[in-house]
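Q: Quick one, fold the following:
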Amino acid sequence: MSADPTAHGSGAASAWVQRWSHLLLPDTSVLDVACGAGRHLAWFADRGHAVTGIDRDTTLAAQSVPAATLLTADIENGPWPLMHNARPRQFGAVVVTNYLWRPLFPTLLDSVAPGGCLLYETFAAGNETVGRPSRPDFLLQPGELLTACAGWHVVAFEQGFLENPARFVQRIAALRSFTHPASGAVPTRHAL
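A: As a prediction, this is how the structure comes out:
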């Protein structure tokens, strides 16, 4: 049985994820939240990363990325399934696209290991004028990802309108720890 090409999380990896993938350390572990059919799991697995995906239905991801560790869970109505010693298990990178559940923000951030990367891209306010999702619950407000990542090293942030398909998005590439030059240490260099 082949994966449905129209399923959530199918097709090519997001251009945003592809653009900022170089921020991940080699061989780091990657968590894809709301992984859908596994497009980002496949992207990172093809680059030598150990990948873990979580979604309510992981059937298509299991078909498209057999090497992935998959967890089937309802993360909006149940406990976070990736706990270790009463804290969220940490990964070198956490990837979230086309998904928003605000109560999960603290857990997602805690799931990024020190020195790790958060790649997040989802729909933003304004999308209600061009299609779905249109409910405010599912649309980021201006600068909301910047607020969520306060204190992190933001390598890139964008919000605005994209065409083909028409949509309003907000996206961020942020690193959990950054050595600031004022501390006397040499800052980490991340190519743009």
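Q: Now do the same for Trp82: its pLDDT.
A: Not quite, residue 82 is Leu, not Trp. In this model, Leu82 is scored at 96, pLDDT.
Q: dump the residue contacts of it.
A: 31, 52, 54, 71, 88-89, 111 (Cβ atoms under 8 Å, 6 or more residues apart in numbering). The C-beta positions use only the backbone N, C-alpha and C, and glycine is treated the same way.
Q: Which SSE is immediately downstream of the longest strand belonging to the chain?
A: Of all segments of type strand in the chain, defined using DSSP state E, the longest is strand 112-123. Going down the chain from strand 112-123, the next helix or strand is helix 144-148, by DSSP states H and E.
Q: which of the residues in that next one are buried?
A: Neighbour-count burial for helix 144-148 flags 144-145, 148 (criterion: 16 or more other Cβ atoms under 10 Å).
Q: which one of the residues you listed is nearest Glu121?
A: Distances from Glu121 to these, taken as Cβ to Cβ, are shortest for Leu145 (9.0 Å).
Q: surely the closest one meets Glu158?
A: No: here Leu145 lies out of contact with Glu158, judged by Cβ atoms under 8 Å, at a distance of 9.6 Å.
Q: Please identify every residue contacting each of the two.
A: 170-171.
Q: Could you check how far the helix or strand of the chain with the lowest mean pLDDT is from the centre of its chain?
A: The helix or strand of the chain with the poorest confidence is strand 83-84; it has a mean of 90 (mean pLDDT, DSSP states H and E). With Cα atoms, centre = their mean, to the nearest Å as the basis, strand 83-84 stands 19 Å off its chain's centre.
Q: same check, this time on stretch 126-136
A: 21 Å.
Q: for that stretch, what is the average pLDDT?
A: 95.
Q: Nothing else from me, thank you.
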